[in-house]
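Colleague: no sequence for this one, just the structure:
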(Lines give C-alpha, C1' and ligand atoms only; values in the text may rest on other atoms or scores of the structure.)
Protein backbone atom coordinates (compact mmCIF):
# COMPACT_ATOMS: atom_id res chain seq x y z
CA UNK A 1 0.00 0.00 0.00
CA UNK A 2 1.37 3.41 -0.87
CA UNK A 3 1.74 6.07 1.79
CA UNK A 4 -1.18 8.20 0.56
CA UNK A 5 -3.54 5.25 0.97
CA UNK A 6 -2.88 5.36 4.71
CA UNK A 7 -4.68 8.71 4.93
CA UNK A 8 -8.10 8.41 3.33
CA UNK A 9 -11.45 9.53 4.69
CA UNK A 10 -14.55 9.06 2.54
CA UNK A 11 -17.36 11.57 3.02
CA UNK A 12 -21.04 11.00 2.15
CA UNK A 13 -23.85 13.51 2.74
CA UNK A 14 -27.64 13.14 2.84
CA UNK A 15 -29.74 16.31 2.99
CA UNK A 16 -33.32 17.22 3.86
CA UNK A 17 -35.41 20.38 3.90
CA UNK A 18 -36.69 21.33 7.38
CA UNK A 19 -40.06 22.86 6.53
CA UNK A 20 -41.22 23.52 10.10
CA UNK A 21 -38.18 25.75 10.80
CA UNK A 22 -38.25 27.50 7.42
CA UNK A 23 -40.04 30.74 6.59
CA UNK A 24 -40.03 31.14 2.79
CA UNK A 25 -41.95 34.42 3.09
CA UNK A 26 -38.94 35.77 5.02
CA UNK A 27 -36.32 34.18 2.71
CA UNK A 28 -35.39 31.65 5.39
CA UNK A 29 -34.82 28.08 4.23
CA UNK A 30 -33.49 25.58 6.76
CA UNK A 31 -31.74 22.39 5.69
CA UNK A 32 -30.37 19.50 7.71
CA UNK A 33 -27.52 17.37 6.45
CA UNK A 34 -26.20 14.08 7.79
CA UNK A 35 -22.54 13.42 7.12
CA UNK A 36 -20.93 9.99 7.29
CA UNK A 37 -17.15 9.87 7.42
CA UNK A 38 -15.57 6.50 6.67
CA UNK A 39 -11.89 5.85 7.33
CA UNK A 40 -10.86 3.89 4.24
CA UNK A 41 -7.18 4.30 5.02
CA UNK A 42 -4.88 2.23 7.20
CA UNK A 43 -4.16 4.90 9.84
CA UNK A 44 -6.49 6.13 12.63
CA UNK A 45 -7.16 9.86 12.39
CA UNK A 46 -8.85 12.66 14.34
CA UNK A 47 -11.02 15.31 12.72
CA UNK A 48 -9.56 18.61 13.96
CA UNK A 49 -11.35 21.35 12.00
CA UNK A 50 -13.90 21.94 9.27
CA UNK A 51 -14.09 24.37 6.36
CA UNK A 52 -17.39 24.80 4.54
CA UNK A 53 -18.17 26.91 1.49
CA UNK A 54 -21.92 27.56 1.22
CA UNK A 55 -23.35 29.25 -1.89
CA UNK A 56 -27.01 30.18 -2.29
CA UNK A 57 -28.92 30.64 -5.55
CA UNK A 58 -28.22 34.39 -5.49
CA UNK A 59 -24.48 33.70 -5.55
CA UNK A 60 -23.98 34.72 -1.93
CA UNK A 61 -20.98 32.79 -0.56
CA UNK A 62 -20.41 32.08 3.12
CA UNK A 63 -17.31 30.38 4.46
CA UNK A 64 -17.50 28.60 7.79
CA UNK A 65 -14.42 27.42 9.67
CA UNK A 66 -14.28 25.91 13.11
CA UNK A 67 -12.99 23.24 15.42
CA UNK A 68 -14.45 19.76 15.04
CA UNK A 69 -18.06 19.02 14.19
CA UNK A 70 -21.10 19.33 16.49
CA UNK A 71 -18.78 20.01 19.43
CA UNK A 72 -16.65 16.91 18.86
CA UNK A 73 -13.30 16.03 17.34
CA UNK A 74 -13.93 12.38 16.54
CA UNK A 75 -11.13 9.82 16.29
CA UNK A 76 -11.89 7.36 13.52
CA UNK A 77 -10.14 4.01 13.25
CA UNK A 78 -9.53 2.30 9.89
CA UNK A 79 -12.78 0.73 8.69
CA UNK A 80 -14.92 2.72 11.14
CA UNK A 81 -17.59 5.36 10.43
CA UNK A 82 -18.52 8.54 12.25
CA UNK A 83 -21.91 10.13 11.56
CA UNK A 84 -23.37 13.46 12.63
CA UNK A 85 -26.22 15.76 11.64
CA UNK A 86 -26.02 19.52 11.40
CA UNK A 87 -27.81 22.28 9.53
CA UNK A 88 -27.59 25.33 7.32
CA UNK A 89 -29.88 28.30 6.81
CA UNK A 90 -30.08 29.86 3.35
CA UNK A 91 -31.88 32.90 1.94
CA UNK A 92 -32.85 30.91 -1.17
CA UNK A 93 -34.63 27.60 -1.76
CA UNK A 94 -31.55 26.09 -3.42
CA UNK A 95 -27.87 26.14 -2.54
CA UNK A 96 -24.61 24.22 -2.73
CA UNK A 97 -22.23 23.21 0.04
CA UNK A 98 -18.78 21.65 -0.02
CA UNK A 99 -15.42 21.98 1.67
CA UNK A 100 -13.02 19.87 3.66
CA UNK A 101 -12.16 18.43 7.05
CA UNK A 102 -8.65 18.83 8.37
CA UNK A 103 -7.48 15.54 9.82
CA UNK A 104 -4.55 14.48 12.03
CA UNK A 105 -3.39 10.89 11.65
CA UNK A 106 -1.97 9.01 14.64
CA UNK A 107 1.52 9.22 13.11
CA UNK A 108 1.38 13.05 13.17
CA UNK A 109 0.53 13.54 9.48
CA UNK A 110 -2.01 16.28 8.75
CA UNK A 111 -4.22 15.82 5.69
CA UNK A 112 -7.47 17.10 4.23
CA UNK A 113 -10.58 15.00 3.69
CA UNK A 114 -12.50 16.70 0.85
CA UNK A 115 -16.26 17.11 1.20
CA UNK A 116 -17.78 16.67 -2.27
CA UNK A 117 -20.14 19.49 -3.26
CA UNK A 118 -23.80 18.68 -2.65
CA UNK A 119 -27.07 20.47 -3.31
CA UNK A 120 -29.56 21.76 -0.76
CA UNK A 121 -33.01 22.24 -2.25
CA UNK A 122 -36.61 22.25 -1.18
CA UNK A 123 -38.67 19.31 -2.48
CA UNK A 124 -39.79 19.51 -6.10
CA UNK A 125 -37.40 22.36 -6.95
CA UNK A 126 -34.80 20.38 -8.91
CA UNK A 127 -35.34 17.37 -11.14
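Modeller: On my side now, so go ahead. Since we're looking at a predicted model, the values are computed, not measured.
Colleague: Share the number of residues neighbouring the nearest residue to residue 27 once chain neighbours are set aside, please.
Modeller: In space, not counting the residues next to it along the chain, residue 27 is nearest to residue 91; the distance is 4.5 Å by Cβ to Cβ, 6 or more residues apart in numbering. Yep, even glycine has a C-beta here, placed from its N, CA and C like the rest. Residue 91: 13 surrounding residues under other Cβ atoms under 10 Å.
Colleague: From residue 102, how far off is residue 91?
Modeller: 28 Å (Cβ to Cβ, to the nearest Å).
Colleague: ditto for residue 40
Modeller: Distance, residue 40 to residue 102, by Cβ to Cβ: 17 Å.
Colleague: Which one's more surrounded, the two?
Modeller: residue 102 (16 against 12).
Colleague: so which helix or strand takes in that one?
Modeller: Assigned by DSSP states H and E, residue 102 falls within strand 94-105.
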